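**Student:** Whatever this is, show me its structure:
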Amino acid sequence: MASDGELDRVVHQYLKHRNYKAASKALEEESPVVSIGDMVTLAARKMHAEAAVATQVAAYRGTEDSDAGAAEVLEENYRSLNKWIGSSLDQYRAELYTVMYPIFVHCYLDLVARGQVADAQKFMKNHAVEHEQYHRAELEELKSVTCVEHMTKNAFVTQFRQRKYNLVLCSYSFELLLAYIQEKKFMTILSIVNQHLDIKTFSGKPKQKYEAFGMAGTMSTELESLNAKEILWGSMRVAEVEEALDDDDHDDDKGEGVDDGPEEQRARKRAKRRHLATGAHGPKQDRIPLPELKGRSLQKRIEQLKEMRQRVDLGRNSLPSACMYTFFNTGGRVHCLTASSDSTMIAGGFADSYIKVWDLTRKGLKSLKSADELKEIEIDASTKLEDLQDPESAEDVKTLVGHTGPVYSTSFSPDNTFLLSGSEDGTARLWDLHTFSNVVVYKGHMFPVWGTAFSPLGFYFATASHDRTARLWSTDHVYPLRVFAGHLSDVNAVRFHPNANYLATASSDRSCRLWDVQSGDCVRVFEGHSDSVHALAFSDDGQYLVSGGDDCNVVLWDIASGKKIKTFKGHTDVVNTVSFSGEGSLISSGSADKTVRIWDATREVAEVKDSAEAGAASGDPEARAAQFGIELAVFATKSTPIFTTSFTNKNLLLASGPMTQVEES
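**Tutor:** Numbering: from 1, shown residues only. This next block holds a predicted model:
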């Protein structure tokens, strides 16, 4: 009985023969994605192969392994395939080139596995340059693998050998590739394609750009399964905040002389706050354990929401005002800068193992009074924090000493009570910003801590480390509550989802992941960067994630589907920081190229969501996207790389960085 794929092919040929172009095109666009196994079978039948590909490979490998000239044959086969792709038609060349990197890696590893180290190193020397643009970090690691023992202990090699490399080709590109390999009888390469590549095909035009990604520790079936999991991406209602806002709004209405009854007033105010939660997409408040929100934390949360009501709506025709903080005379010793959520403080981590906290209000940073003085103060509900502070201790800058290695990350708690820091010494430290002293040392990572982040609701925080894990902590325990393992290389950054139920991580393995805080499971894998990822940010509504890294690109992701929405190109150096505006219409990014760039997120989201309908009309959604000017503004500095950007609650854009020495021309 004919398979569905064969029937589609027969029908497609009939429609073309009868010149039914519209029907033929519709069938082509609706054709399902076909796996490599099905394509190999169909291609073998089409070419009247005498046996299945797997049988050919098995029969050939027995003779090839005993061939003393196997290395020369492998070299010639690879060089011939590379030359053939280079001479192919322009519309297929970029897509076909994506196959060469995994074939190159497995050819090298096959030679090492046979003990032909000299031949393997020669092969690496001859062809590594072809892949350095997108895979420099992996190639450096691969060069260190020179024996079978190295292969078993190297995590990158183990993943490459045990998991298939994911690729997507148009069906005709794949048929061309398979036909050429079989015609030339490159059976070693055919074996690699059959055993180590997971190629999905689609009917339609080939991709016009090279995509330098394929594997991030998950097979395509696992990736599809992960990205199919339900995500509660909506905001979470907090009962204490809702009640406090209702009471506060009721008092405001009385002062304004509103005649509505209490229930009508509260209903009206709740309607104005519907953006705080997103219906069925938001988690329940008790999904993760949280302490009762009260005192200063509750007060800060309410103040934040009130400020958000007053924020300026931004957009393509209404760009933000920007404020740049430049730090002089740092001598290249600053590793990180972080602004508090209310824009009253900035903290910086230094290579000298200390932290500095700067006051942005010109009121000075004040410490609490001594214990003896505090005993004499009668503390009640009317007591303010200023009443407990020593005015003589006010300073523009406070220095925090405690780490024994360079400090790579800092993060303020939502209520500005604590500062979290991560260091090369493998520890995270919690600092009290009332006394400016270290109160807790969190030990768990065995290697440097690259990133730290507080939960939007406080209490929980996360760390990212060179040990390839991220860890979840709480302020009332000194041990980690969750260990998130799955990345193949350093975890460089962590960010909490706005509802605090999920944690995003960025890694040097060129991927980002989303983890469920409650279960500890990975629920999304975002693949699309061609180099290490260093920066992450969520939109306030929790629906989108943006990332940036060493490939100089900013990538926008849809959390619900796990798919890439758009890649923003414009930076010429590493992207250090990304952030969303309050309403999510704009994205800001800061780079080592000394610029802050503003991108139109709303246009790109709508653009890709409409691509299904637009694809038939334009032929290529990416070509259609190219006609829009997605970069809205560029703010350039003379000699200051941008370390951090963030939008305040009122949508003022803040940026900061250390001034570097100006090179004399």
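
**Student:** Let me see the ranges of the strands in the stretch 101-250 of the chain.
**Tutor:** 165-170, 197-202 (DSSP state E, counting those that start in this stretch).

**Student:** What distance do you get for Trp599 to Lys375?
**Tutor:** According to C-beta to C-beta, to the nearest Å, Trp599 stands 55 Å off from Lys375. C-beta: built from backbone N, CA, C; applies to glycine.

**Student:** possible to save the strands of the stretch 101-250 of the chain as TSV with mean pLDDT?
**Tutor:** Listed next are those as TSV, based on pLDDT from 0 to 100:
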stretch	mean pLDDT
strand 165-170	83
strand 197-202	83
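
**Student:** Helix or strand: which one has Leu337?
**Tutor:** Using DSSP states H and E, Leu337 maps to strand 334-339.

**Student:** CA atoms of that strand as PDB?
**Tutor:** Output in PDB follows, covering the C-alpha atoms of strand 334-339 (Å, rounded to 0.1, in the frame of the first residue of the first chain):
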ATOM      1  CA  VAL A 334      34.400  46.800  36.500                       C
ATOM      2  CA  HIS A 335      32.800  43.400  35.600                       C
ATOM      3  CA  CYS A 336      29.100  44.200  36.100                       C
ATOM      4  CA  LEU A 337      26.700  47.100  36.700                       C
ATOM      5  CA  THR A 338      23.100  46.800  37.900                       C
ATOM      6  CA  ALA A 339      20.400  49.400  38.600                       C
END
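
**Student:** what lines up beside it in the sheet?
**Tutor:** Within its sheet, and counting by DSSP bridges, strand 334-339 is paired with strand 345-350 (antiparallel).

**Student:** Identify the residues contacting Cys336.
**Tutor:** By C-beta atoms under 8 Å, 6 or more residues apart in numbering, the contact list for Cys336 reads 348-349, 407-410, 643-644.

**Student:** Buried subset of those, written for ChimeraX?
**Tutor:** Selecting only the buried entries of the contacts of Cys336 in ChimeraX, with 16 or more other C-beta atoms under 10 Å as the criterion:
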select :348,349,407,408,409,410,643,644
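
**Student:** any idea which of the contacts of Cys336 is the one closest to Val525?
**Tutor:** When the contacts of Cys336 are compared for distance to Val525 (C-beta to C-beta), Ser409 comes out closest, at 23.3 Å.

**Student:** In what element of secondary structure is the closest one found?
**Tutor:** Going by DSSP H and E, Ser409 is in strand 407-412.

**Student:** Parallel or antiparallel, list what pairs with that strand.
**Tutor:** strand 418-423 (antiparallel).

**Student:** Report the beta-bridge partners for the residue nearest the centre of the chain.
**Tutor:** By C-alpha atoms, centre = their mean, the mean C-alpha position of the chain lies nearest to Cys512, the distance being 3.8 Å. Listed beta-bridge partners, Cys512: Ala506, Phe526 (assigned using DSSP bridges).

**Student:** got a list of what it touches?
**Tutor:** By C-beta under 8 Å, 6+ apart, the neighbours of Cys512 are 504-506, 525-526, 529, 533, 536, 545, 547, 557.

**Student:** List just the nearest of those residues to Gly364.
**Tutor:** Leu536 (33.1 Å).
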